[in-house]
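Novice: compute the structure for the input listed below.
(2 chains)
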There are 2 protein chains.
Amino acid sequence: MSSNRDIDSLIELMAKLPGLGPRSARRTVLHLIAKRDLQLIPLADLMQKVAATARECLNCGNVGTTDICDICTDEKRANGQLCVVEDVADLWAMERGQAFKGRYHVLGGTLSALDQVGPEDLRIPQLVNRVEAEGISEVILALNATVDGLTTAHYIADQLEGRVTLTSLAQGVPIGGELDYLDDGTISAALNARKTL
Amino acid sequence: MSSNRDIDSLIELMAKLPGLGPRSARRTVLHLIAKRDLQLIPLADLMQKVAATARECLNCGNVGTTDICDICTDEKRANGQLCVVEDVADLWAMERGQAFKGRYHVLGGTLSALDQVGPEDLRIPQLVNRVEAEGISEVILALNATVDGLTTAHYIADQLEGRVTLTSLAQGVPIGGELDYLDDGTISAALNARKTL
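Specialist: Take a look at the predicted model:
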């Protein structure tokens, strides 16, 4: 590629990032070199800072810079509601919605027979412990509506049955969604869960 | 997004990279944090190294770590041929082809009336100087086959007329290309430039 070893290694590493390939990695590295002061140096500095400070919350699995994350230490969020999500990106997505005021529990994936992911590979035992230790009254399952997500939801429901109210996110037509572009499953789910106006 | 300022700033910076948006930047940052030792730390280190050492070759505009790049200092490549490309990515693409044994000249863009890019914004005066100073016998125009690329090629041809042999890359069917997927312009160009078997 280039005639320089460091630049080549940087391109190789960038090409391993999700969504980037060799071509876009080359483009990105040239872009960064052209914008050295505005982008390359700040990016390198921030990456080093984040590498030194980022860690998983020991309680919920969120990513932050403290052993127990801001959400878990915020007493106002101890309202008895616990929202179970697959990964940190889903937690952040819920937070952007600003609709949920309780705490979270990040599973770190879904059960998957194909990928040999069992309950002990996820944070399911910790979830069962938290429900008791933190006096949780409602567990909201905000798992993705995929086969693996549904399997995981059923398994968790089995584990927690009788101890707590279990709910899941509503399924239906997205806000701003057009019927013509929706799949049949979503439309029939939305029809079955129809509401009186 | 996250509850941490450094992580948020990192996501914002990543989202400014070409080909990444806010969503893929969040995904990439979470991926990097999960692979701290294998990816995040090496990436930060390499970025800092490249930021400290990368520079444009004063002669041709290639990106390397010396004031004059490896290609310009390689005496074997002083064969009287000069290949003119739009940007460093194109130079690297030519080098991957391993077919060209001469030196390069990177314009740094194309003439564009819309974007107000004139000859003095590109390295065209330097190109004219190099043709005389380096005793160039053939200038190969390897510009993109776009309107701006063709305009730039015509302008350079005007500047260098009579001083040097001017050639451009052949246009035709790409190796492995299927006629059915090619545009009409390429097919008629390939037909006009047909060769006797």
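
Novice: what bridges to A:Tyr104?
Specialist: Assessed by DSSP bridges, A:Tyr104 has beta-bridge partners A:Cys83.

Novice: what's near enough to touch it?
Specialist: A:Cys60, A:Asn62, A:Ile71, A:Leu82, A:Cys83, A:Val84, A:Val85, A:Leu91, A:Met94 (CB atoms under 8 Å, 6 or more residues apart in numbering or on different chains). In short, each C-beta sits where N, CA and C put it, glycine included.

Novice: rerun that using 7 Å as the cut-off
Specialist: The contact partners of A:Tyr104, taken as CB atoms under 7 Å, 6 or more residues apart in numbering or on different chains, are A:Cys60, A:Asn62, A:Ile71, A:Cys83, A:Val85, A:Leu91.

Novice: again, but for A:Gln98
Specialist: Applying CB under 7 Å, 6+ apart to A:Gln98 gives no contacts.

Novice: A:Gly61 now?
Specialist: Residues near A:Gly61 by CB under 7 Å, 6+ apart: A:His105, A:Val106, A:Gly108, A:Arg123.

Novice: and which of the residues you listed is nearest to B:Ile175?
Specialist: Of all the contacts of A:Gly61, A:Gly108 has the smallest distance to B:Ile175: 46.2 Å, by CB to CB.

Novice: what sits against that closest one?
Specialist: Counted by CB under 7 Å, 6+ apart, A:Gly108 has contacts A:Gly61, A:Asp87, A:Leu122, A:Arg123.

Novice: now with 10 Å, please.
Specialist: Shown in contact with A:Gly108 (CB atoms under 10 Å, 6 or more residues apart in numbering or on different chains): A:56, A:61, A:85-88, A:117, A:121-124, A:126, B:34.

Novice: what about the contacts of A:Gly61, which are in strands?
Specialist: Members of the contacts of A:Gly61 lying in strands (criterion: DSSP state E): A:His105, A:Val106.

Novice: out of the contacts of A:Gly61, what pair is the most spread apart?
Specialist: Spatially, the most separated pair among the contacts of A:Gly61 is A:His105 and A:Gly108, at 10.0 Å (CB to CB).

Novice: so what sits against both of the two?
Specialist: A:Gly61, A:Val85, A:Arg123, A:Ile124, A:Gln126.

Novice: so which of those residues comes closest to A:Thr167?
Specialist: Using CB to CB, A:Val85 is the member of the shared contacts of A:His105 and A:Gly108 that lies nearest A:Thr167, at 13.7 Å.

Novice: need phi/psi at that closest one.
Specialist: Backbone torsions of A:Val85, given as degrees, to the nearest 10, read phi -120, psi 160.

Novice: hmm, it is touching A:His105, no?
Specialist: Yes: using CB atoms under 10 Å, A:Val85 and A:His105 qualify as a contacting pair, with a distance of 7.4 Å.

Novice: just confirm yes or no for stretch A:161-179 near chain B.
Specialist: No: residues of stretch A:161-179 contacting chain B under CB under 10 Å from any CB of the partner chain: none, with a closest distance of 16.0 Å.

Novice: now that stretch: average pLDDT?
Specialist: The average pLDDT within stretch A:161-179 is 88.

Novice: again, but for stretch A:10-30
Specialist: The pLDDT scores in stretch A:10-30 average 92.

Novice: what about the strands in chain A?
Specialist: Taking DSSP E, the strands of chain A run over residues A:55-56, A:63-64, A:81-85, A:103-106, A:138-141, A:165-168.

Novice: for A:Lys101, give me phi and psi.
Specialist: Main-chain dihedrals, A:Lys101, degrees, to the nearest 10: phi -110, psi 0.

Novice: I figured it hits A:Gln81, correct?
Specialist: Yes: using CB under 10 Å, A:Lys101 is in contact with A:Gln81, at 7.4 Å.

Novice: so for these two, which residue has more residues nearby?
Specialist: A direct count of neighbours by other CB atoms under 10 Å in any protein chain shown for A:Lys101 and A:Gln81 places A:Gln81 higher, at 18 against 11.

Novice: any stretches of chain A with poor pLDDT?
Specialist: Applying pLDDT under 70 to chain A picks out residues A:1-3.

Novice: what segments of it are helices?
Specialist: Along chain A, counting by DSSP state H, helices occupy A:5-15, A:22-34, A:41-53, A:70-73, A:88-97, A:124-133, A:147-160, A:184-192.

Novice: picking that back up, now flag whichever of the shared contacts of A:His105 and A:Gly108 is closest to B:Gln39.
Specialist: Of these, the one sitting nearest to B:Gln39 (CB to CB) turns out to be A:Gly61, at 20.0 Å.

Novice: any idea how far that closest one is from A:Gly19?
Specialist: Separation of A:Gly61 from A:Gly19 (CB to CB, to the nearest Å): 23 Å.

Novice: for A:Leu143, what are its contacts?
Specialist: Contacts of A:Leu143 (CB under 10 Å, 6+ apart): A:84-86, A:90, A:107, A:110, A:149-153, A:156, A:168-169.

Novice: picking up where we left off before, give me the common contacts of A:Val85 and A:His105.
Specialist: Counting by CB under 10 Å, 6+ apart, the contacts common to A:Val85 and A:His105 are A:Cys60, A:Gly61, A:Asn62, A:Leu91, A:Ile140.

Novice: what's the closest non-adjacent residue to the second one?
Specialist: When you say that, I think you mean A:Gly61. Nearest residue to A:Gly61, sequence neighbours excluded (CB to CB, 6 or more residues apart in numbering or on different chains): A:Val106, at 3.3 Å.

Novice: neighbours of that neighbour, how many?
Specialist: If you count neighbours by other CB under 10 Å, A:Val106 ends up with 26.

Novice: wait, it touches A:Gly64, no?
Specialist: No: A:Val106 is beyond contact range of A:Gly64, at 11.5 Å (criterion: CB under 10 Å).

Novice: what is in contact with those two at once?
Specialist: Contact criterion CB under 10 Å, 6+ apart; residues shared by A:Val106 and A:Gly64: A:Glu56, A:Cys57, A:Val88.
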